[in-house]
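J.: coordinates only, no sequence provided:
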């Protein structure tokens with residue numbers, strides 16, 4: 001990953017880098033790996049996340065047709 005700094009605008013470049021990292025899910029992954037999680041808990045969390053994504057997708061598709 002590369003971020004180019006134009007005219008010494010370091011804050012702007014840093015903001016862009018953080019945006020890219022969050023889009024890739026790096027911060028979420030770091031948060032998840034901070035502590036050990038039992039496999040059963042991991043499985044439940046994965047199911048919960050999938051439900052959440054399906055619900056959001058359903059909501060988005062519903063708003064397109066309204």
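T.: Received it, and whenever you're ready, just let me know what you need. The model shown is predicted, which means the values in this text are computed figures rather than measured ones.

J.: figure out how far the top helix by length along the chain is from the centre of its chain.
T.: Selection of the longest helix in the chain by residue count, based on DSSP state H, yields helix 39-65. When distances are taken as Cα atoms, centre = their mean, to the nearest Å, helix 39-65 is centred 14 Å away from the chain's centroid.

J.: kindly report the same for stretch 15-30.
T.: 7 Å.

J.: and it, which residues are buried?
T.: Residues of stretch 15-30 include none that count as buried (16 or more other Cβ atoms under 10 Å). (Each C-beta comes from the backbone N, C-alpha and C, glycine too.)

J.: quick one: contacts of it?
T.: Applying Cβ atoms under 8 Å, 6 or more residues apart in numbering, the contact partners of stretch 15-30 are 1, 3.

J.: measure the most centrally placed residue in the chain to residue 34 for me?
T.: Centroid check for the chain by Cα atoms, centre = their mean gives residue 25 as the closest residue, at 3.6 Å. Between residue 25 and residue 34 the computed distance is 15 Å (Cβ to Cβ, to the nearest Å).

J.: what does residue 51 give?
T.: Between residue 51 and residue 34 the distance is 23 Å, computed by Cβ to Cβ.

J.: cool, residue 48 as well?
T.: In terms of Cβ to Cβ, residue 48 sits 18 Å off from residue 34.

J.: residue 7 too?
T.: Applying Cβ to Cβ, the value for residue 7 to residue 34 is 37 Å.

J.: residue ranges of each domain in the protein, please.
T.: Taking automatic domain parsing as the reference, the chain has its domains at 1-34, 36-66.

J.: for the record, mean pLDDT for the longest one?
T.: Okay, so that is domain 1-34. Domain 1-34 shows a mean pLDDT of 91 in the predicted model.
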